[in-house]
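Asker: Sequence plus predicted model, see below.
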Amino acid sequence: LPDVRDGLKPVHRRVLYTMNVLGNDWNKAYKKSARVVGDVIGKYHPHGDFSLYDTLDRMSHPFSLRYMLVDGQGNFRSIDGDSTPAM
């Protein structure tokens, strides 16, 4: 369930914390999403990777959340309707 204070779920919080630890700041070079997902799975979220890729995808779209939390570079969705890990 989302937290009342900011509306983030625990998976969102884990991804943002891992990106902060990796040094993914707005003024640094982009890092691959597989690196972020691998670190989150290895340290904080021992479930499948699909939910993490979907979370990164959702946080990179301006229409999903009030504020875009992740600046995605490249293809985050396909016009064919493929899921994010299929890209």
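Answerer: Received it, and whenever you're ready, just let me know what you need. Quantities reported herein were computed from a predicted structural model and do not represent experimental measurements.

Asker: Skip the chain neighbours and tell me the closest residue to Pro62.
Answerer: Closest residue to Pro62 apart from its sequence neighbours, by C-beta to C-beta, 6 or more residues apart in numbering: Met68 at 4.8 Å. C-beta: built from backbone N, CA, C; applies to glycine.

Asker: List the residues that contact Arg58.
Answerer: Neighbour list for Arg58: Ser64, Leu65 [criterion: C-beta atoms under 8 Å, 6 or more residues apart in numbering].

Asker: Kindly report the same for Thr18.
Answerer: For Thr18, the contacting residues are Val36, Asp39, Val40, Lys43, Tyr44, by C-beta under 8 Å, 6+ apart.

Asker: The closest residue to the fourth one other than its chain neighbours is in what secondary structure piece?
Answerer: When you say that, I think you mean Lys43. On the basis of C-beta to C-beta, 6+ apart, the spatially nearest residue to Lys43 that is not a chain neighbour turns out to be Thr18, at 7.1 Å. When elements are defined using DSSP states H and E, Thr18 is found to belong to helix 10-22.

Asker: what about this structure, any weak spots by pLDDT?
Answerer: Applying pLDDT under 70 to the chain flags the ranges 77-87.

Asker: at 90 instead, please
Answerer: When the per-residue scores of the chain are filtered using pLDDT under 90, the ranges that remain are 1-11, 24-34, 44-87.

Asker: Helices along that one, start to end?
Answerer: Here the chain has its helices, by DSSP state H, at 10-22, 33-43, 50-59.

Asker: Put the alpha carbons of the longest one into CSV.
Answerer: Taking only C-alpha atoms (Å, rounded to 0.1, in the frame of the first residue of the first chain), the coordinates of helix 10-22 have been written out as CSV:
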residue,chain,number,x,y,z
PRO,A,10,8.0,0.4,-0.9
VAL,A,11,9.2,-0.7,-4.3
HIS,A,12,9.4,3.0,-5.4
ARG,A,13,11.3,3.8,-2.2
ARG,A,14,13.8,1.0,-2.8
VAL,A,15,14.5,2.0,-6.4
LEU,A,16,15.0,5.7,-5.5
TYR,A,17,17.2,4.8,-2.5
THR,A,18,19.4,2.5,-4.7
MET,A,19,19.7,5.2,-7.4
ASN,A,20,20.8,7.6,-4.7
VAL,A,21,23.4,5.1,-3.4
LEU,A,22,24.7,4.5,-7.0
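
Asker: Many thanks, have a good one.
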